[in-house]
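Sharing a model prediction with you, sequence too.
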Amino acid sequence: MSDATIPAEPTGTEPTGAEPTGAEPTATQPGAAEPGPPGTAPADEAARLDAADPLRAKRDAFTLDDTVYLDGNSLGALPRAVPPRLADVVAREWGQLRIRSWEESGWWTAPERIGDRVARLVGAGPGQVVVGDSTSVNVFKAVVAAVRIAQERGAHRDQILVDEATFPTDGYIAESAARMTGCTVRPVAAGDVPTAVGARTAVALVNHVDYRTGRLHDLPGTTAAVHAAGALVVWDLCHSAGALPVGLDAHGVDLAVGCTYKYLNGGPGAPAYLYVAQAHQPRFDSPLPGWNSHADPFGMASAYTPADGAVRGRVGTPDILSTLALEAALEVWDGVPIEDVRAKSLALTDFFLRCVETYVPAGRVRSITPVAHAERGSQVALRCAAAGEAGEVMAELVRRGVVGDFRRPDVLRFGFTPLYTGFAEVERAARVLADVLKEG
Ligand SMILES: Cc1ncc(COP(=O)(O)O)c(C=O)c1O
């Protein structure tokens, strides 16, 4: 498998001996992007890759136009199944059935029913994932509950290791969780968690894919190292779920959280999810024991008795409109093997890096996304060489119909959603980027 040759900057500690997160695609798998013969024009190569793409037809399941949309790592595109489903939920289930819909339309059980659909995409068996609340709220539930489990084991554990490059909300929440549980937060590079974890660690909170650089962290190896030290691990899957195999059950992950508005296309503000491994469920002591997680919610008892299973992760009344929009959005995954998605994701990012190298004048951008497939998620982050230009470069790209995003101070982020991004679009994005930089 060829790697993109555009130079990558080191971004923090390099993972040592990182195992691939699940099976890595080979050149013979669908979607793998071997470069064409030397001299092949990128546009010709794009046509060849699009023709061979087994996921190509999936694009029709989304509402898209001729904008090159490379921001699905922030907000996924609208699946066509969502508007008619939402119209029915509003007009019939709410408008006509009203309160009967909690039961007759399956509203009450939607969080765990839809949780099972998400579960398949992150390698979890049924009964372990529940959707609801935001990722931030689920980070809180997961970290506090994980510390409580670790501390119940008897040993004195008073540290929470937090990925030092984490999306900020995880760090803020971990600080508060630490204050509540008598712990302190210790920031650690995600790649260093296996060596930093020790007898005082209660929990490690790690991002599977770094939101800024697109670096994929070693979930199997890190999880095993944290377990060897007697601690628990909470994974934030926001930037990996729906883009690559996660294998929560296979790798013995304790708890995980993620959002559904990126690669799962659930829509703005779509509910997040919480995974609690079956083995931990009886001891999962939620810091937000709302009535929806009660064993008998309509018993209206004054004493709290937690429900069994994933339901224990619920809090209050679910946001039914967003939750059912997510359910409809997840239909596009029917029959889609996540391995095919991963193969295409790597092919897209490989191809984008090759096109950038071909088109963009040398020295204008530098990739901060790892070259090695085992360390790459589904986005490419390019650092602009000229100080202060990245914001305007992205604004101009958007004006010319190529939508990525800008992370201060100098990073251009491009997300590749295998279900709807095509290779010709990737070629166009790199070509327009080169034009903008040449003219700037
Ligand atoms: C890695 C990561 N964690 C957490 C969040 C925050 O999610 P929420 O706004 O659902 O709390 C995000 C949002 O983009 C994210 O990228």
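Nice, I can see it. Numbers count the residues shown, from 1 in each chain.

Around the ligand, pick out the residues from the stretch 251-400 of the chain.
Those residues of the stretch 251-400 of the chain that sit near the ligand, judged by Cβ under 6 Å from any ligand atom, are Cys259, Ala272. Just so you know, the C-beta spots here come from the backbone N, C-alpha and C atoms, and that holds for glycine as well.

Can you give me every residue that contacts the residue in the stretch 251-400 of the chain that the ligand sits nearest to?
Nearest residue of the stretch 251-400 of the chain to the ligand, counting by Cβ to the nearest ligand atom: Cys259, 4.6 Å away. The neighbourhood of Cys259, defined by Cβ atoms under 8 Å, 6 or more residues apart in numbering, consists of Ser134, Thr135, Cys238, Gly266, Ala270, Ala272.

Show me which of those are buried.
Buried subset of the contacts of Cys259 (neighbour count, 16 or more other Cβ atoms under 10 Å): Ser134, Thr135, Cys238, Gly266, Ala270, Ala272.

residue contacts, the second one?
By Cβ under 8 Å, 6+ apart, the contact set of Thr135 is Thr169, Asp236, Cys238, Val257, Gly258, Cys259, Ala272.

quick one, what contacts the third one?
In other words, Cys238. Contacts of Cys238 by Cβ under 8 Å, 6+ apart are Thr135, Phe167, Asn207, Val209, Tyr211, Val257, Gly258, Cys259, Lys262.

Let's see that with 6 Å instead.
Shown in contact with Cys238 (Cβ atoms under 6 Å, 6 or more residues apart in numbering): Gly258, Cys259.

so which strand or helix has it?
Cys238 belongs to no helix or strand when assigned by DSSP states H and E.

Local confidence estimate at it?
Note for Cys238: predicted pLDDT of 98.

Worst mean pLDDT across the helices and strands of this structure, which element?
strand 405-407 (a mean of 94; mean pLDDT, DSSP states H and E).

Now do that strand: which elements does it pack against?
helix 390-399 (3 or more Cβ pairs under 6 Å, 6 or more residues apart in numbering; DSSP states H and E).

Apply 10 Å and report the result again.
strand 379-384, helix 390-399, strand 411-415 (3 or more Cβ pairs under 10 Å, 6 or more residues apart in numbering; DSSP states H and E).

wait, what's in contact with Pro111?
By Cβ atoms under 10 Å, 6 or more residues apart in numbering, the contact list for Pro111 reads 129-133, 271, 273-274, 292, 310-311, 313-315, 318-320, 323.

I'd guess it is in a helix, am I close?
Yes - assessed with DSSP: H, G, I helix; E, B strand; the rest coil, Pro111 lies in a helix.

how close does it get to Gly313?
8 Å (Cβ to Cβ, to the nearest Å).

repeat for Ser322
On the measure of Cβ to Cβ, Ser322 and Gly313 end up 17 Å apart.

who's more crowded, these two?
Gly313 (33 against 20; other Cβ atoms under 10 Å).

Please verify my assumption that the more buried one contacts Asp285.
No - contact criterion Cβ atoms under 10 Å: Gly313 and Asp285 do not qualify, at 11.3 Å.

how about low-confidence regions in the stretch 201-350 of the chain?
Residue ranges of the stretch 201-350 of the chain with pLDDT under 70: none are present.

Which single residue of it ends up nearest the ligand?
For the stretch 201-350 of the chain, Cβ to the nearest ligand atom, closest residue to the ligand: Cys238, 3.6 Å.

Phi and psi next, for that residue.
Reported as degrees, to the nearest 10, the phi and psi values for Cys238 are phi -50, psi -40.

Surely Gly76 touches Thr260?
Yes - counting by Cβ under 10 Å, Thr260 is a contact partner of Gly76 at 8.5 Å.

Now do the shared contacts for Gly313 and Asp285.
Shared contacts of Gly313 and Asp285, counting by Cβ under 10 Å, 6+ apart, come down to Lys141, Ala145, Pro306.

residues in contact with the first one?
Spelled out, that is Lys141. Going by Cβ under 10 Å, 6+ apart, the list of residues near Lys141 reads 133, 173, 177, 234, 255, 257, 274, 276, 284-289, 293, 312-315.

after the helix or strand encompassing it comes which helix or strand?
Secondary-structure assignment from DSSP H and E places Lys141 in helix 135-152. Remark: after helix 135-152, the chain's next helix or strand is strand 159-163, criterion DSSP H and E.

how about the helices in the stretch 151-300 of the chain?
168-181, 193-196, 219-228 (DSSP state H, counting those that start in this stretch).

and if you look at the stretch 1-150 of the chain?
Under DSSP H, counting those that start in this stretch, the stretch 1-150 of the chain gives helices at 42-51, 82-88, 101-104, 110-121, 135-152.

Distance to Asp65 and mean pLDDT added to those helices, as CSV?
Below are the helices of the stretch 1-150 of the chain laid out as CSV (distance: least, Cβ to Cβ, whole Å; pLDDT from 0 to 100):
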stretch, distance to Asp65, mean pLDDT
helix 42-51, 18, 97
helix 82-88, 16, 98
helix 101-104, 34, 98
helix 110-121, 27, 98
helix 135-152, 29, 97
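
closest one to Glu389 among the ones you listed?
helix 42-51 (24.0 Å; Cβ to Cβ).

What helices and strands are in contact with the closest one?
Right, helix 42-51 is packed against helix 338-359, helix 423-439 by 3+ Cβ pairs under 10 Å, 6+ apart.

could the ones you listed go into CSV alongside mean neighbour count?
Shown next, in CSV, are the helices and strands packed on helix 42-51 (neighbours: other Cβ atoms under 10 Å):
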stretch, mean neighbour count
helix 338-359, 24
helix 423-439, 21
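
Quick one, which of the ones you listed gets closest to Gly154.
Among the helices and strands packed on helix 42-51, helix 338-359 sits nearest to Gly154 (Cβ to Cβ), with 38.2 Å.

buried ones in the helix or strand following that closest one?
Next helix or strand after helix 338-359 toward the C-terminus (DSSP H and E): strand 365-367. For strand 365-367, the neighbour count (16+ other Cβ under 10 Å) marks Val365, Ser367 as buried.

Is any residue of stretch 201-213 near the ligand?
Yes - using Cβ under 6 Å from any ligand atom, we find that stretch 201-213 touches the ligand at Asn207, Tyr211.

Extract the C-alpha set from that stretch and format it as PDB.
Taking Å, rounded to 0.1, in the frame of the first residue of the first chain, the C-alpha atoms of stretch 201-213 are listed here in PDB:
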ATOM      1  CA  THR A 201      -4.600   5.600  37.900                       C
ATOM      2  CA  ALA A 202      -8.300   5.200  38.100                       C
ATOM      3  CA  VAL A 203      -9.300   6.000  34.600                       C
ATOM      4  CA  ALA A 204      -7.700   7.100  31.300                       C
ATOM      5  CA  LEU A 205      -9.800   9.300  29.000                       C
ATOM      6  CA  VAL A 206      -8.500   9.100  25.400                       C
ATOM      7  CA  ASN A 207      -9.700  10.300  22.000                       C
ATOM      8  CA  HIS A 208      -9.600   7.500  19.400                       C
ATOM      9  CA  VAL A 209      -8.900  10.000  16.600                       C
ATOM     10  CA  ASP A 210      -7.400  13.500  17.400                       C
ATOM     11  CA  TYR A 211      -9.900  16.100  16.200                       C
ATOM     12  CA  ARG A 212      -7.100  18.500  15.100                       C
ATOM     13  CA  THR A 213      -4.500  16.300  13.400                       C
END
